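Novice: structure of the sequence below:
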Amino acid sequence: MKGFFFKISILNSFLSKWTSFFLFIFLFAVPTVEAIPFSQEFKKDSDLINLKVKSIVDPENIKPGDRFVLYITIELSEGWHIYSLYTEEFEKQPLATKIFLNSDIFVPNGLWEETPYVMEWDGALGKVVKTHQKVVEFQRWYSSIDSLSSGSYKLKGDIIFRACNNKICNLPKKISYETKVNILGHKK
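Specialist: So this is what the prediction gives:
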């Protein structure tokens with residue numbers, strides 16, 4: 001009988017080494033393999049937000065010193081939202097959408113206005129927030145400086161926003177917009 005138990009102990013030793021090896025591979029390699037598709041899937045979900053940005057001015061043709069309105073429209077994918085420009089109660093978190101015009105020759109007149117926001121529960125943040133869904137329009141009055149020569153002038157700027165879908169929130173993203181205004185002749 002002694003030989004029988006000796007053979008079983010060798011078999012157990014052999015199996016325990018292979019079991020340990022497979023257990024080692026399973027514990028360390030499988031979570032690594034599983035983490036890659038998970039993070040890629042998360043990235044794909046967070047990039048599912050498709051948005052279109054349009055910017056126009058009205059009127060397109062002005063004289064030096066005249067005023068015009070800059071309109072920026074953002075169209076969001078179904079199920080996604082961005083936050084209002086005015087979220088004072090969330091100063092500690094960068095939720096508010098921000099719009100910048102990178103120009104020294106066009107002077108803002110007043111604050112940005114936005115389409116009415118919706119107060120809703122945001123599942124990703126776990127609180128009620130001011131949001132915009134589907135299509136949102138922002139507008140602001142500007143005037144050109146008096147000393148501009150006639151010609152076409154580009155208006156370039158940036159929008160910084162966070163988009164959420166009640167499951168996940170993207171980190172703040174920056175997108176650019178561009179339009180133009182035509183300066184005609186001199187102001188009389």
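Novice: tell me the domain ranges of this structure?
Specialist: As assigned by automatic domain parsing, the chain contains the domains 1-47, 51-183.
Novice: most neighbours per residue, which of those domains?
Specialist: domain 51-183 (a mean of 16; mean count of other CB atoms under 10 Å). C-betas here are computed from N, CA, C, even on glycine.
Novice: what about I82, distance to I62?
Specialist: Note on I82: its distance to I62, by CB to CB, to the nearest Å, is 30 Å.
Novice: contact partners of stretch 115-126?
Specialist: Here stretch 115-126 makes contact (CB atoms under 8 Å, 6 or more residues apart in numbering) with 81, 84, 95, 127-133, 135-138, 164-169.
Novice: can you pull the pLDDT of V53?
Specialist: At V53, the pLDDT value in this model is 91.
Novice: OK, contacts around it?
Specialist: I72, T73, I74, I159, I175, Y177.
Novice: state the distance from it to C169.
Specialist: The value you get for V53 to C169, if CB to CB is used, is 19 Å.
Novice: do K156 as well
Specialist: Taking CB to CB, one finds K156 at 27 Å from C169.
Novice: S150 too?
Specialist: Per CB to CB, S150 is found 46 Å from C169.
Novice: if we can go back for a sec, among the domains of the chain, which gets the worst mean confidence?
Specialist: Comparing mean pLDDT over those, the weakest stretch is domain 1-47, at a mean of 45.
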